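Student: Next one to model:
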Amino acid sequence: MPSDIDTLIAALHPHVAQGYCGNFLRAGRSLRPIGANGILHDVVDSFDILFGFHPGCDAAAVTIQTAQPGTISLFVCPSPIVPQDFEADVKQWVDQFIAVHKGSAGEADGNGNLEGKPSPSMRKFILDTYRLCYQSMRQRKMGPEFGIWKILSRKIAERTLASKSEPAKLQELPSASELRQLAELAKSFAETISARERLDEDEDILRFHQLCLALYKALSGGWVKELTAYPLHDLILAHLCLPHALSTLLSESAAQPEVLLALHTSRWSITVLDPSRGARRFSSTVTAAHMAERFGKVNVRSIDWEEAMEAYRGVVVRSGDFGKGLEWDASTSLLTSPGAVTAHPETTLIQHLVGNGGVNLKGDERYVACSRLPCYASVRYVDAVNKVHVVKPGPTFTIRTTNPDWCRLDVAEPWILPEGTDEAVVAGLREAMLWDLDGLLYRWRNDAFRKREDESDDNDDGDGGDHDDNEVDDEEDEDEDEKSDNENGEMDDDTEEPDD
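Tutor: Reported below is the predicted structural model:
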């Protein structure tokens, strides 16, 4: 059955779709892994990326538990379905990981690069991974964002020209050989991905893997980050996440050798969760009367639902931008998904852990890797779980992300609660979303006012009007920062900031 959460996601839709909330909605620090957590999290992250590239997967969520001595429990939730042979392939990847580290010590350096001839187990791991995942890797990167390689080539050419025309600044620039190497590696990678739908020959696969690792290393230099800047640099590295994950699983980490030893000497149990449990259509009537009826009694923020509808009509209905996987029926004011929606994998995984004794997990075992950046609703859901099921100062559920702003707030998509979510978590999630909506409507109201002022011929207020607007903005930013800290899962003031 449709829930209050469906209705709130619909009401929040215009603000997410238009990016109004990018600087307002933030995840609390309690959801972020604190500091460097070493090889265990690296392994969880890397397996998650491999699983996410499995044919038939759009994304995956992974966690590891070590509650029983000598036993490692791997929990995986793919999305949107469990693909054919997925469980068998996951088991094969784990078996190959164990075999590599039992029999190949010293055959890979700390970066996962092969030195000399790889062992049979290492070679098989690489070949099997690319034969299974190369096409998925290629298909996901051949969209509009593939143009970033042309942008990179242009920036390299501009920097090369600058190094010739500005000899006085030569010490601040990369050498000609570094620029040439990066240009050649980037060109070779882009040409291979563009031209080769498959990699069938063993040597072609091994050469491609080495090319990707060399390119990743070249792109990791500080001068390249300065050259490309955020977010271009992160987008480029994302094209190489599969080879990098594979190299991490192949490498012999000099740090925490006892953890790596435990990982390949323990007995592994694997649980693949079915994401289709509880799947249903996303559906919500989007009218002021419906929202007032739903939230009138719980709405401590006194939201003006007519105003919420004005925002919805002005942004969503007028633009026709209903988001990925959503359809609008104007005759009934109904926003729905055309088919069944599954809960996002990270929420399904966390709900499974909570329902099976998750309150007793250790800190590392509450860490969940997500192959796709968690969306707004998932972040708020995990925060609600932490508030209900974690007794401070106990460890909270944390989620991996590479985005310093944390929420992927520029994509509006259908989202449903995972099956079995208890009412206390639902109530906490509803309260957080109402709070967010109230703050976003305040921002929308001010934005609409400023637009009307800009369009008006009446300039009697002059600079005074602009001064008043700036004062409102300053007060707004202070209020929102306080709200974000206090209401969205922030830890105490002495909580350590994560390393980004």
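
Student: going forward, measure contacts and count neighbours with C-alpha atoms only.
Tutor: OK.

Student: domain parsing for this protein?
Tutor: 1-26+280-341+405-456, 144-249 (automatic domain parsing).

Student: Among those, show me which one is buried the most.
Tutor: Comparing those by mean neighbour count (mean count of other C-alpha atoms under 10 Å), domain 1-26+280-341+405-456 comes out on top with a mean of 17.

Student: State the mean pLDDT of that one.
Tutor: For domain 1-26+280-341+405-456, mean pLDDT is 81.

Student: In contact with Ser79: list those residues for me.
Tutor: Taking C-alpha atoms under 8 Å, 6 or more residues apart in numbering, we find Ser79 in contact with Cys57, Asp58, Ala59, Ala60, Pro275, Thr342, His344, Pro345.

Student: Let me know the pLDDT of it.
Tutor: Value for Ser79, per-residue pLDDT: 94.

Student: Then the one 3 residues further on?
Tutor: pLDDT, Val82: 95.

Student: how much space between it and Ile303?
Tutor: 41 Å (C-alpha to C-alpha, to the nearest Å).

Student: And stretch 417-426, end to end?
Tutor: Taking C-alpha to C-alpha as the criterion, the two ends of stretch 417-426 lie 8 Å apart.

Student: Residues contacting that stretch, please?
Tutor: Outside stretch 417-426, the residues touching it (C-alpha under 8 Å, 6+ apart) are 5, 277-278, 343-344, 347-348, 351, 355, 381, 384-385, 388.

Student: Please repeat the previous calculation with a cut-off of 7 Å.
Tutor: Arg277, Gly278, Ala343, Thr347, Thr348, Gln351, Ala384, Val385, Val388 (C-alpha atoms under 7 Å, 6 or more residues apart in numbering).

Student: try stretch 203-221
Tutor: Stretch 203-221 is contacted from outside by Leu127, Tyr130, Leu182, Leu185, Ala186, Leu199, Leu237, Leu240, Pro243, His244, using C-alpha under 7 Å, 6+ apart.

Student: Narrow these to those in strands?
Tutor: Judged by DSSP state E, those include no members of strands.

Student: Closest to Pro14 out of those?
Tutor: Proximity of those to Pro14 was ranked by C-alpha to C-alpha; the top entry is Leu237 with 30.5 Å.

Student: Next one: the closest one from Leu215, what distance?
Tutor: 9 Å.

Student: Also Tyr312?
Tutor: 45 Å.

Student: would JSON lines of the contacts of stretch 203-221 with distance to Thr421 and pLDDT be doable?
Tutor: Shown next, in JSON lines, are the contacts of stretch 203-221 (distance: C-alpha to C-alpha, whole Å; pLDDT from 0 to 100):
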{"residue": "Leu127", "distance to Thr421": "41", "pLDDT": "96"}
{"residue": "Tyr130", "distance to Thr421": "37", "pLDDT": "97"}
{"residue": "Leu182", "distance to Thr421": "49", "pLDDT": "89"}
{"residue": "Leu185", "distance to Thr421": "48", "pLDDT": "93"}
{"residue": "Ala186", "distance to Thr421": "46", "pLDDT": "91"}
{"residue": "Leu199", "distance to Thr421": "44", "pLDDT": "93"}
{"residue": "Leu237", "distance to Thr421": "36", "pLDDT": "86"}
{"residue": "Leu240", "distance to Thr421": "36", "pLDDT": "92"}
{"residue": "Pro243", "distance to Thr421": "36", "pLDDT": "95"}
{"residue": "His244", "distance to Thr421": "35", "pLDDT": "94"}
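
Student: Find the pair from these with maximum spatial separation.
Tutor: Taking C-alpha to C-alpha, no two of these sit farther apart than Leu127 and Leu182, at 25.4 Å.

Student: which of the contacts of stretch 203-221 lies closest to Pro78?
Tutor: Distances from Pro78 to the contacts of stretch 203-221, taken by C-alpha to C-alpha, are shortest for Tyr130, at 18.9 Å.

Student: Quick one: neighbours of that closest one, just the number.
Tutor: Neighbour count for Tyr130, taken as other C-alpha atoms under 10 Å: 24.

Student: sec struct for the residue nearest the centre of the chain, please.
Tutor: The centre of the chain sits closest to Leu373, judged by C-alpha atoms, centre = their mean, with a distance of 1.0 Å. When classified by DSSP: H, G, I helix; E, B strand; the rest coil, Leu373 comes out as coil.

Student: Please report the distance of it from Ala238.
Tutor: Distance from Leu373 to Ala238, by C-alpha to C-alpha: 12 Å.

Student: same question, Ser331
Tutor: Counting by C-alpha to C-alpha, the gap from Ser331 to Ala238 is 42 Å.

Student: Please apply the same query to Ala218.
Tutor: Relative to Ala238, and taking C-alpha to C-alpha, Ala218 is found at 14 Å.

Student: next one: Arg180
Tutor: Arg180 sits 22 Å away from Ala238, going by C-alpha to C-alpha.

Student: Ok, Pro418 next?
Tutor: In this view, Pro418 and Ala238 are 28 Å apart by C-alpha to C-alpha.

Student: swap in Ala214?
Tutor: 15 Å.

Student: Equivalent analysis for Asp447, please.
Tutor: 34 Å.

Student: cool, and Glu455?
Tutor: 42 Å.

Student: related to what we said a few turns ago, return the subset of the contacts of stretch 417-426 lying in strands.
Tutor: Per DSSP E, those never map to strands.

Student: Now list the buried members of these.
Tutor: Among these, those classed as buried by 16 or more other C-alpha atoms under 10 Å are Gly278, Ala343, Thr347, Thr348, Gln351, Ala384, Val385.

Student: in the stretch 151-300 of the chain, which ranges drop under the pLDDT threshold?
Tutor: Applying pLDDT under 70 to the stretch 151-300 of the chain flags the ranges 163-173, 230, 253-256, 297-300.

Student: swap the cut-off to 50 and go again
Tutor: 168, 170-171 (pLDDT under 50).

Student: Can you show me the strands along it?
Tutor: Taking DSSP state E, counting those that start in this stretch, the strands of the stretch 151-300 of the chain run over residues 267-272, 280-285.

Student: Pick out the most distant pair among the buried ones among the contacts of stretch 417-426.
Tutor: So, these by C-alpha to C-alpha: farthest apart are Gly278 and Ala384, at 19.7 Å.

Student: residues near Thr71, how many?
Tutor: Neighbours of Thr71 (other C-alpha under 10 Å): 16.

Student: That one touches Ser266, doesn't it?
Tutor: Yes - counting by C-alpha atoms under 7 Å, Thr71 sits close enough to Ser266 to count as a contact (5.3 Å).

Student: Using the three-state scheme, assign Glu413.
Tutor: Strictly by three-state DSSP, Glu413 counts as coil.

Student: Look up how far Ile81 lies from it.
Tutor: 17 Å.

Student: How about Arg196?
Tutor: Distance from Arg196 to Ile81, by C-alpha to C-alpha: 28 Å.

Student: Show me what the strand or helix carrying Ser337 is packed up against.
Tutor: With secondary structure defined by DSSP states H and E, Ser337 is part of strand 334-341. For strand 334-341, the packing partners by 3 or more C-alpha pairs under 7 Å, 6 or more residues apart in numbering; DSSP states H and E come out as strand 280-285, strand 327-329.

Student: Let me know which of those strands is the nearest to Arg430.
Tutor: strand 280-285 (14.9 Å).

Student: Can I get the closest one as CSV, trimmed to CA atoms?
Tutor: Written as CSV, here are the backbone C-alpha positions of strand 280-285 (Å, rounded to 0.1, in the frame of the first residue of the first chain):
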residue,chain,number,x,y,z
ARG,A,280,5.3,-2.5,-5.2
ARG,A,281,4.3,0.5,-7.3
PHE,A,282,5.3,4.0,-6.0
SER,A,283,2.1,6.0,-5.9
SER,A,284,0.9,9.2,-4.4
THR,A,285,-2.0,11.6,-4.9
